[in-house]
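In: Predicted model and sequence below, questions to follow.
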Amino acid sequence: MLDRGQEGSDGGEGELTVPMAWLYAEYIADELLRTGDLMPPTSFEFRAGRDALALTVFLSDTDGELSGIRVVTQLETWLSLTAYDQPWQEWVRERLAELAAGAARTGRPAPDLELAQEAWRWLQETELLAPDLNAVPGGAPVAGEDEGPKVWTPAWQLGLPLGHLAIHLF
């Protein structure tokens, strides 16, 4: 992202700030999902899983040092954060707020944070048609439906378990 009006480390204006931490988190998430081969990479469900997993990877990096060597050691952390009984969405909101407050204090651009916030906004505002897991067990499917009743679901509610499963399959 082009940082207009801010001085770069070399004192020049208009320095390009590359959101490497977010891009790396997205890469890790993409690789985990592709390895699991759970769905086509062109589907909205894949995007939901990638964004949820990228947020988990990015926001769990409290030291600001995403490292390829540490990916394997972080799998257990990511599994625990994405587990069904965890308040993942509250954790995401809290971590994004902490990072935004830190960026505001420094007054420096935060392109990684901007991309993470955009991913979170998409996950919250986008709804995908998914099987209704709360439907009555054994209920007869409606004619023409192969998988039973469906319901519109926020993208993060589909992406989070998908990301969790991808970590398990890795």
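Out: Looks like it arrived, so ask away.

In: Please name every helix or strand in contact with the one helix or strand residue 53 maps to.
Out: Taking DSSP states H and E as the criterion, residue 53 maps to helix 44-60. With contacts defined as 3 or more Cβ pairs under 8 Å, 6 or more residues apart in numbering; DSSP states H and E, helix 44-60 has these neighbours: helix 20-36, helix 71-82, helix 88-106, helix 111-125, strand 127-131, helix 155-169. For every residue, glycine as well, the C-beta is placed using N, CA and C.

In: Quick check: residue 104 vs residue 25, distance?
Out: 21 Å (Cβ to Cβ, to the nearest Å).

In: just residue 59 next, same as before
Out: Residue 59 is 9 Å from residue 25, by Cβ to Cβ.

In: go on, residue 123?
Out: 14 Å.

In: Neighbour count: these two, which is higher?
Out: residue 25 (26 against 22; other Cβ atoms under 10 Å).

In: Make sure that one is actually in contact with residue 58.
Out: Yes. Counting by Cβ atoms under 8 Å, residue 58 is a contact partner of residue 25 at 3.8 Å.

In: nearest spatial neighbour of the residue nearest in space to the middle of the chain, skipping sequence neighbours?
Out: Of all residues in the chain, the one closest to the mean position by Cα atoms, centre = their mean is residue 52, 2.5 Å from it. Leaving aside its sequence neighbours, residue 52 sits nearest to residue 159 (Cβ to Cβ, 6 or more residues apart in numbering; 3.5 Å).
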